[in-house]
Every structure is written in structure tokens, then in C-alpha cells.
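A.B. asks: Have a look; sequence and predicted model below, questions after that.
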Amino acid sequence: MSPRSLLVAAALSAMLPPAARAQTERLAGRLDERTRAAVAALADSARAAGLPADPLLNKALEGASKGADGGRIVAAVRALAADLARSRAALGRGATEVELVAGAAALRAGAAAGFLQGLRADYPRATLAVPLAVMADLVARGVPADTASRSVIALVRAGLREAELVAFRQGVERDIALGAPAGAAAAVRVNAAERDLATNAPATASGPLPPRKP
Amino acid sequence: MRRHAALSFLRSSAACCVCAATLAVPCAAQLEASLDAAASLVKYDGYLASGAVALTPTVTWQSPRTVLAGRGTFLVFESGHTSIQGLLSAATFSPPLGPLRVEGAAEAGASAYAGFARFAHALGRVRVHALGRRWGVWAGPQAGRVSRGDGAGGAWGATAGWWVRVPAGALEAAWTRLTVGDTAFSDLLGRGRWRLGAFDVAASVGARVASRGGGRGVYGDLSATVWLSEWMALVVAGGTYPSDPVRGSIPGRYATAGVHLVPRATPRAAEVRQIGSALPLGPRDDPARLDRAQVAVERLDGLAVLVVRASGASRVEVMGDFTDWQPVTLAASGGGRYQYALGLPAGMHRFNLRLDGGPWGVPLGAGVAADEFGGSVGVLIVP
């Protein structure tokens, strides 16, 4: 970032409303000046676009606490801002901050925007934070994104409450820990007739091979 | 003419694989791809040692019950000669039948070396698995056809095996009997896979016995993989392998080093790693896991409170989006129970935990995701 843009960012920061300024001040002392200015500028852009800035600042603070360099922090914040924008586009302008964050995580995990749109269309008034977060978490555990999306939709349509969705996620975690393939773990948890599965899946071909010669 | 016969054979074999796939239960699926690039030193029995470089692209389609995989290998030897190998495989599992599951699988492959040695094969197998929570056994027959360029013949045999999960890894033992034309042999093979710090280590040792025309002896290999990022790993491996009359390879020994690239990054922390019959290692095997700590969200006076059980720890610290990512020491409430004093709002929270000033990690009970800073982060969902 050039000195001129730093100056512009600083000037913009001074013009912020108090609440926004308080948000940005969370970064003080945690990031070097250049990184802080860049993150503040991204947060300002997000606010201007109607997106929440707190998740972006959290991301920057996470990077700072983990000793990441400024470039990596800014890249992570920028990527999250883009994911939040995609999340909002899919969930609609009425989406809450926690929904947007969970939606961004789901999209990052591999959910299709159509999954978010479908959930919102089916449940226009419900809060979708937990279903979206469960979906993202399932994918983080290795459940194929399509399977995770369909599992969550099936469970929501079946009327599971949020706490039950969280319990479902824990059940899948247990199955995976016991040796079940992640995708199968989710599928069988959805299908009660196939529960308690702790089996293995066919081998996938990957990794280097010995240089065999015919 | 020979080439035409081999290609026809491969086409019909591939068609069999595709048909097998279409018969599988339709379900949600995921497509993944990877590329291995490696440099090797290889010495085939009866030949001088040679350098070689190889490219191995792999594509895998996986659903909860079915896996389709395609893999090609392009090898260039020091002499300038090239070898091309391709393999298609498909496998699908039945629904559980009590403690049993039935697996149907097929593979078809072809290879050519220096434009004159061509091989093709197609094999099908059925295996019955009996499954426990941390172990399994399987057995079943296999049969197929092998083309060696100068004609095709039958191949048949049987296989049986056992696997068990062990701390940070898994072990497998297998026996295979195969007859290909007038060649027959048995292989006894033991395999293991472990996650040791940043390394994934795999080893195998086998013996060829009761052989008629297939050679005898002991063979084995060792490989280590270290992940540099979500999409790239370094791999070193070496060992020996016996002849393979089905896939048309001669015995040899090798040492190889290369990179494994996964263009579409997947969350490594929860990636299911597999051994032999694809035994996955659970999240407890992740190096970022704090196995001595278990986290939960409990409702206390209407608040969602983060509670950690870590017997034996004298200090438990947490940092997360609810602490501004500043370390906060949790209050001990006796019996190895610690809690964060403030309630957590509903939604998704990211955090890390450490015990007694050790490394930051993720306790059991929380989701694990790759953070954007080269590590792992715990994920908690508060309803």
C-alpha cells in the first residue's frame, strides 16, 4: 500500500462515525500501521456495501494472534469480505450478521450459492445461522459438500431444531472418529435405518507410484 | 494389430467400469483431482539403474457408497524411453447387512513401454466385509482378463485381510492368491500408516510365496509425506516391489521424491486419510488436536457457556473471536473442569485452546478447520 493510500485510509478513518471508529480501534496495537490501514480500508468498504465489519476485524485479529505477516492477514480479510458479499447475495439483504458469517463459511467450504438461496427460499423467516454453520463444519470434517448440503436440507425439512442439528453434527464427528468415511457418516446419520455405520469406503487412487516399467 | 487389440480390450473394460458406476445408488458426490510430479532412481531386476521422471494425474469421484477413480502415469526414463500407464477403478458398497457389507469392485488398465510392450487388464472382485468399530475383516474372489499383446487369458484368485485402527494410525494384513495363465502365486502383505507430527508415514512389507513362475522373495517400501500447504505436499518414498503379471510390470527397487498437488484445496484438518482397504483416520489423529481436552457448550442460567474438561492440566487458555483473539485463562471449577466466564452469542465461533502454556490447538468436541494462516482453528456452533 502506497503512502498516499495510507493517508487516504487515515483520513477516511477520521471521518468514520463513532461506532465504526470504535470497531477499527480494536486493531490498535495488534497490527503494524500498514496492515491496520489496509484492514481498516477493507472494513470501511464492507460497511459501505452494507456488510458487517466485525468478522473482518476478527479475522485480522486472529491472524495477528497467530503471528501471520501483514500480507497474509490482508489477503485473508479480503477473501472473507468477498465471501460475505457472496453470502449476502445468496441470503438476501435481510440476512443477519451471524447468518452471513455462517453462509460465508459454508460457501468457502464448497456449498453452492443455490444451497443458501434454497434454504432462504424455504425458510424466509427462520434464522439459518446454525444450519449453515453445521453444513460448513461437516465439510470441514471431510463430508462431500453436496452430501453435507443435502443432509442439512433434509434435516431442516424434517423439522430438526437447532440443538438437534448440533447434536447431528456431533454424531457425525463420532462416526468419523470411529472410522466411518465422512460422507457415509453424514448419509447414514440422516438415514436412521443405516445408523451406527462404522465401515470403510473403497480406496481412492492417489499419491506417488513406484516407477513401474512394463 | 496388437495395439488395436489392447485398445479394444481397454475400451470394453472401461465400459464395464462405467456400467458398474451407473448401477450404483445415486447419491451426493464430490469430484477431486490431484497431480504428482516425481523424480526417481529405479533399478529393475536384470537391468542397469536408471533415472526417471513421472507425472501422475488422478481424478476421483466419490459418493457415500461409491468411488470411481482414474489415474494415468507418464514416465520418461534416462534412456529417453517412455512408459504410459492408465487405470480406471470403480467400487461400491452395499447397505449394511447386519455387521456385513458387500463390496463390488472393478478395475481396468493398460500400459505401454517404449512403443513395443503393451499390456491391458480388467479385473472384478467381490468382497464381504465384517466390521467392528475399530477393526474389520474381508474376504472374496476376484477374476478378470489379461492381455499381454500376444493374446489374452484369464486371471482369477481370492483375497482376504484384516485391518485395525491403532493410535495415530492403522494396520492392515492381507493375503492374495492369483493365477494368471500358467503363473500362480500368493502374496502376504502387511501395511501400516501413521501420522507423526507433520509427517504422514506409510510402510509395507510383503512376501511372495507358493509361486509358480511369479518369483519369490520379500519386498516392501516406506514413504513419508509432509504437507506444506492445503494444496501441496512433498513426498519421498523408496522400496522394492515384485513382478505384477496382471498389470504387466517387472520387479524392481526405487527411490523417489516429488510433489503432490491438490488443485482444489480441501480442508486438510478433517481430511480422511486412508490405508489399504481405505481405513480412515478420524479427527483424533489430527496433529492440531488437543486429545487431553474436551470442549462443550453448556447452558448455565440461560447463557451458552464454553466449558473445557482437561484433567491433569493446571492452566487452560482460550483465544477466539469472543475474546478479540487475546488469550484468556479459563476459570477452574474443580475436577478438571474449566469455563469461560462470559456467555457466547448464538452462531459460529472460531477459537483455539492451549494447556499449560503449550501449543495452541483444537480440543475434542469442536470442529476443526484450516485457518488462513497455516494452522488449524476450532469451530463451535452455539444454537
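C.D. replies: Alright, I've got the coordinates.
A.B. asks: from here on, contacts and neighbour counts on C-alpha atoms
C.D. replies: Fine.
A.B. asks: Give me the number of neighbouring residues for the nearest residue to B:Trp231 once chain neighbours are set aside.
C.D. replies: Once flanking residues are discounted, B:Trp231 sits nearest to B:Val262: 4.6 Å by Cα to Cα, 6 or more residues apart in numbering or on different chains. B:Val262: 19 surrounding residues under other Cα atoms under 10 Å in any protein chain shown.
A.B. asks: ok, B:Val262 touching B:Pro57?
C.D. replies: No - contact criterion Cα atoms under 8 Å: B:Val262 and B:Pro57 do not qualify, at 10.0 Å.
A.B. asks: Could you look up the SS state of the closest residue in space to B:Ala139 that isn't next to it in sequence?
C.D. replies: Closest residue in space to B:Ala139, ignoring its immediate chain neighbours: B:Ala160 at 4.0 Å, by Cα to Cα, 6+ apart. Secondary structure for B:Ala160, judged by DSSP: H, G, I helix; E, B strand; the rest coil, is strand.
A.B. asks: what's the residue nearest to B:Trp231 in contact with, if anything?
C.D. replies: B:33-35, B:230-232 (Cα atoms under 8 Å, 6 or more residues apart in numbering or on different chains).
A.B. asks: Quick check: of those, which lies closest to chain A?
C.D. replies: Using Cα to the nearest Cα, B:Ser34 is the member of the contacts of B:Val262 that lies nearest chain A, at 7.3 Å.
A.B. asks: SS state for the closest one?
C.D. replies: B:Ser34 ends up strand, using three-state DSSP.
A.B. asks: tell me the pLDDT at the residue lying farthest from the centre of chain B?
C.D. replies: Most distant residue from the mean C-alpha position of chain B: B:Asp301, 45.9 Å away (Cα atoms, centre = their mean). Predicted confidence (pLDDT) for B:Asp301: 75.
A.B. asks: quick one, phi/psi of it?
C.D. replies: Main-chain dihedrals, B:Asp301, degrees, to the nearest 10: phi 50, psi 40.
A.B. asks: quick one: least confident of the contacts of B:Val262?
C.D. replies: The minimum pLDDT among the contacts of B:Val262 falls on B:Glu230, with 56.
A.B. asks: which residues sit in contact with B:Ala143?
C.D. replies: Contact partners of B:Ala143, counting by Cα under 8 Å, 6+ apart, are B:123-125, B:154-157.
A.B. asks: A:Lys66 and chain B, how far apart?
C.D. replies: 7 Å (Cα to the nearest Cα, to the nearest Å).
A.B. asks: Quick one: residues contacting the closest residue to that residue other than its chain neighbours.
C.D. replies: Residue nearest to A:Lys66 in three dimensions, not counting chain neighbours: B:Phe373, with 7.3 Å by Cα to Cα, 6+ apart. Residues in contact with B:Phe373 (Cα under 8 Å, 6+ apart) are A:63, A:66, A:68, A:72-73.
A.B. asks: Next step: the residues you listed restricted to helices.
C.D. replies: The helices, defined by DSSP state H, take in A:63, A:72-73 from the contacts of B:Phe373.
A.B. asks: just to revisit the earlier point, between which two of the contacts of B:Phe373 is the distance greatest?
C.D. replies: Greatest spatial distance among the contacts of B:Phe373 (Cα to Cα): A:Lys66 and A:Arg72, at 11.1 Å.
A.B. asks: residue contacts, residue 151?
C.D. replies: You didn't say which chain, so I picked chain A. Residues in contact with A:Ser151 (Cα under 8 Å, 6+ apart) are A:186-187, A:190.
A.B. asks: and it, that's in a helix?
C.D. replies: Yes - membership of A:Ser151 in a helix is supported by three-state DSSP.
A.B. asks: Count residues in the vicinity of B:Val76, would you?
C.D. replies: That count, for B:Val76 with other Cα under 10 Å as the rule, works out to 20.
A.B. asks: Tell me the bridge partners for it.
C.D. replies: Counting by DSSP bridges, B:Val76 forms beta bridges with B:Val53, B:Thr82.
A.B. asks: unless I'm mixing things up, it is touching B:Val53, no?
C.D. replies: Yes - using Cα under 8 Å, B:Val76 is in contact with B:Val53, at 5.5 Å.
A.B. asks: do you know how far A:Leu31 is from A:Gly63?
C.D. replies: Between A:Leu31 and A:Gly63 the computed distance is 9 Å (Cα to Cα, to the nearest Å).
A.B. asks: repeat for B:Ala106
C.D. replies: Here B:Ala106 is placed at a distance of 47 Å from A:Gly63 (Cα to Cα).
A.B. asks: ok so, going back, so A:Leu31 and A:Gly63 - more neighbours on which side?
C.D. replies: Legend: neighbour count by other Cα under 10 Å for A:Leu31 and A:Gly63, higher for A:Gly63 (25 against 21).
A.B. asks: What sits closest to that one if chain neighbours are left out?
C.D. replies: A:Ile73 (5.6 Å).
A.B. asks: Let me see the contact set for the one you found.
C.D. replies: A:Ile73 neighbours (Cα under 8 Å, 6+ apart): A:35, A:59-60, A:63-64, B:373.
A.B. asks: Which of the residues you listed sits closest to B:Ala346?
C.D. replies: Nearest to B:Ala346 among the contacts of A:Ile73, with distances taken as Cα to Cα, is A:Lys59, at 18.3 Å.
A.B. asks: Could you list the residues in contact with the host helix or strand of that closest one?
C.D. replies: Following DSSP states H and E, the helix or strand that holds A:Lys59 is helix A:54-65. Here helix A:54-65 makes contact (Cα under 8 Å, 6+ apart) with A:23-24, A:26-27, A:30-31, A:39, A:43, A:69, A:72-74, A:76-77, A:80-81, A:101, B:320-321, B:324-326, B:372-373.
A.B. asks: domains of chain A?
C.D. replies: A:7-91, A:93-200 (automatic domain parsing).
A.B. asks: Go through these and find the least confident stretch.
C.D. replies: domain A:93-200 - the lowest mean pLDDT of the domains of chain A, at a mean of 76.
A.B. asks: which non-adjacent residue is nearest B:Gly336?
C.D. replies: Spatial nearest neighbour of B:Gly336, excluding adjacent residues (Cα to Cα, 6+ apart): B:Ser311 at 4.2 Å.
A.B. asks: Checking my notes, the one you found in a strand, right?
C.D. replies: No - the assignment for B:Ser311, made by three-state DSSP, is coil rather than a strand.
A.B. asks: Would you mind listing the residues in contact with it?
C.D. replies: B:292-293, B:335-337.
A.B. asks: What about the residues you listed, which one has the most neighbours?
C.D. replies: B:Ala293 (23 neighbours).
A.B. asks: Could you measure from it over to B:Trp360?
C.D. replies: According to Cα to Cα, B:Ala293 and B:Trp360 sit 12 Å apart.
A.B. asks: Identify those among the contacts of B:Ser311 that sit within strands.
C.D. replies: B:292-293, B:337 (DSSP state E).
A.B. asks: Using CSV, lay out the residues you listed together with distance to chain A.
C.D. replies: Shown next, in CSV, are the ones in strands among the contacts of B:Ser311 (distance: Cα to the nearest Cα, whole Å):
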residue, distance to chain A
B:Arg292, 15
B:Ala293, 16
B:Arg337, 20
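A.B. asks: and the least confident of these?
C.D. replies: Within the set of these, pLDDT is lowest for B:Arg292 (82).
A.B. asks: What sits closest to that residue if chain neighbours are left out?
C.D. replies: B:Ala310 (5.8 Å).
A.B. asks: ok so, going back, run a quick neighbour tally on the residue nearest to B:Ala139.
C.D. replies: For B:Ala160, using other Cα under 10 Å, the count is 18.
A.B. asks: Identify the bridge partners of it.
C.D. replies: Applying DSSP bridges to B:Ala160 gives these bridge partners: B:Ala139, B:Trp175.
A.B. asks: circling back to that earlier point, can you tell me which of the ones in helices among the contacts of B:Phe373 is nearest A:Ala89?
C.D. replies: A:Ile73 (24.4 Å).
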